[in-house]
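Participant: Build the 3D model from these lines:
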Amino acid sequence: MPTPRLALIAIGAACASLALLPASAATATPHTFANGAATSGLAAGAVGGPAKAKVVTGKEGYNINGYSWSGTVVTGSGFTSVTATWTEPSVTCHSYNDLMAIWVGIDGYGSSTVEQTGVATDCSSGAPVYQGWYEMYPASPVYYSLTSYPVRAGDQITATVSRSGATYTLTLHNGTRGWTKATIKSMSASNASAEVIIESPTGSYPAFGTVSFSNIQINGSPLANWNPNLLDASSNGVYQDHTSAVSGASFSISYLHE
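Facilitator: Numbering: from 1, shown residues only. I've put the predicted structure just below:
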């Protein structure tokens, strides 16, 4: 088992929220998943790649300040797989800017690449749109067809990233709707971290309640065996959610406020 080290983290760009108004008073500005348009990488957060920031201990009982990330990160070397299962939350959109993604991945915590897959929730249309995706950052994310690979609140999702040499298999499985999407890509990467994360590239989360992750395995071993770093997301110095302690192969993230 590797000894975790403190590292650099990706920071999401904080964008001003546009309060939801009646359609006659405001027009939504689609940004990513609702219309399938390509955007800068979810893992990148800030323009120009992962931002460089000192990791500091959280305050007032919070975990490490993850900025745009919350969840668990394991650091070391030679990671070959990470998998987790969750129930996709029913969210409440506060603004057209609300955007979040639940994902698992290898790399990204202080490294220049990320190999990741999961489900994103976009509020740019005024209502939540759930969409599967993968990303081999610094390449742009790729979003799966809403009709061929539908995701709805309440669906049981399992995401897995596995590696053999420089070849990665990114697999998203919707157990509720009975589909599996696997993508195989190659990349030269450091394989120096493995994550289970909720992220908001805009720094603006919809209200998601509590997301409980289970069956989390890293290199085939339960998450707790790796003594993971715990992250809580924040924006403008205000914490937006809180990651629980890890129990075996499980933990949860609870929404606090936008």
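Participant: roughly how far is stretch 92-103 from the heart of the chain?
Facilitator: 12 Å (CA atoms, centre = their mean, to the nearest Å).
Participant: Next, the buried residues of that stretch.
Facilitator: C93, H94, S95, Y96, N97, D98, L99, M100, A101, I102, W103 (16 or more other CB atoms under 10 Å). (Glycine included, C-beta is placed from N, CA and C.)
Participant: Pull the contacting residues for the first one.
Facilitator: Think C93. By CB atoms under 8 Å, 6 or more residues apart in numbering, the residues touching C93 are L20, C123, G126, A127, P128, P206.
Participant: so how far is T202 from the closest residue to it other than its chain neighbours?
Facilitator: Distances taken as CB to CB, 6 or more residues apart in numbering put C123 closest to C93, at 3.6 Å, once the chain neighbours are dropped. Distance, C123 to T202, by CB to CB, to the nearest Å: 10 Å.
Participant: Show me the strands in the stretch 1-150 of the chain, by range?
Facilitator: 64-67, 69-75, 81-87, 99-106, 114-122, 129-137, 142-143 (DSSP state E, counting those that start in this stretch).
Participant: partners of the first one, with directions?
Facilitator: Taking DSSP bridges as the criterion, strand 64-67 sits next to strand 229-235 (parallel) in its sheet.
Participant: How far away from the center of its chain is the strand it pairs with?
Facilitator: How far strand 229-235 lies from its chain's middle: 12 Å, per CA atoms, centre = their mean.
Participant: do stretch 112-132 as well
Facilitator: Distance, centroid of stretch 112-132 to centroid of chain: 8 Å (CA atoms, centre = their mean).
Participant: what's the answer for stretch 132-146, then?
Facilitator: Using CA atoms, centre = their mean, the offset of stretch 132-146 from its chain centre is 12 Å.
Participant: Make residue 1 into 43 and carry on from there
Facilitator: Sure, I'll start counting at 43 from here, so that last one is stretch 174-188.
Participant: quick one: low-confidence ranges for the stretch 193-300 of the chain?
Facilitator: Along the stretch 193-300 of the chain, segments meeting pLDDT under 70 span 300.
Participant: what about 90?
Facilitator: 243, 278-279, 299-300 (pLDDT under 90).
Participant: where along it do the strands fall?
Facilitator: Counting by DSSP E, counting those that start in this stretch, the strands of the stretch 193-300 of the chain are 198-206, 209-216, 221-228, 235-241, 252-260, 263-264, 271-277, 280-281, 283-285, 293-297.
Participant: hang on, the earlier thing: including distance to S119 and pLDDT, could the buried residues of stretch 134-145 go into TSV?
Facilitator: Below are these laid out as TSV (distance: CB to CB, whole Å; pLDDT from 0 to 100):
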residue	distance to S119	pLDDT
C135	40	96
H136	40	95
S137	40	94
Y138	41	93
N139	37	93
D140	36	94
L141	32	95
M142	30	96
A143	26	97
I144	26	98
W145	21	98
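Participant: Among those, pick out the one closest to N278, please.
Facilitator: Set against N278, the nearest of the buried residues of stretch 134-145 by CB to CB is N139 (13.4 Å).
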